[in-house]
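Enquirer: Structure of the sequence below:
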Amino acid sequence: MAKSKDVRITIALECASCTRKETGVKSAGISRYTTRKNRRNTPTRLELQKYCFYCRKHTLHKESKR
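Expert: Predicted structure coming up:
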């Protein structure tokens, strides 16, 4: 059985440039990726360069609060 405090957790990564867009401008959406990280090895929030389908370029994706 899995414990409630698993070492590996599932996280969501959101595009940092899509979330910072102005509220007046209608955005196409927010690019999200899901991945797993080891809580013991990386206790800080994860930041990776991923491809954003809405920006159509590689941008910084940060771990969301979820």
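
Enquirer: can you list contacts of stretch 43-59?
Expert: Outside stretch 43-59, the residues that touch it by Cβ atoms under 8 Å, 6 or more residues apart in numbering are 11, 13, 15-18, 27-31, 33, 35, 37, 60-63. Bear in mind the C-beta positions are built from the backbone N, C-alpha and C, glycine included.

Enquirer: among those, which are in strands?
Expert: Using DSSP state E, the subset of the contacts of stretch 43-59 located in strands is I11, L13, C15, Y33, T35, K37, L60, H61, K62, E63.

Enquirer: Can you select the buried ones from these in PyMOL?
Expert: In PyMOL, a selection of the buried entries from the ones in strands among the contacts of stretch 43-59 looks like this (16 or more other Cβ atoms under 10 Å):
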select buried, resi 11+13+15+37+61+63
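
Enquirer: would you turn the ones in strands among the contacts of stretch 43-59 into a markdown table with pLDDT?
Expert: Below are the ones in strands among the contacts of stretch 43-59 laid out as a markdown table (pLDDT from 0 to 100):
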| residue | pLDDT |
| --- | --- |
| I11 | 94 |
| L13 | 94 |
| C15 | 91 |
| Y33 | 94 |
| T35 | 94 |
| K37 | 94 |
| L60 | 94 |
| H61 | 93 |
| K62 | 93 |
| E63 | 94 |
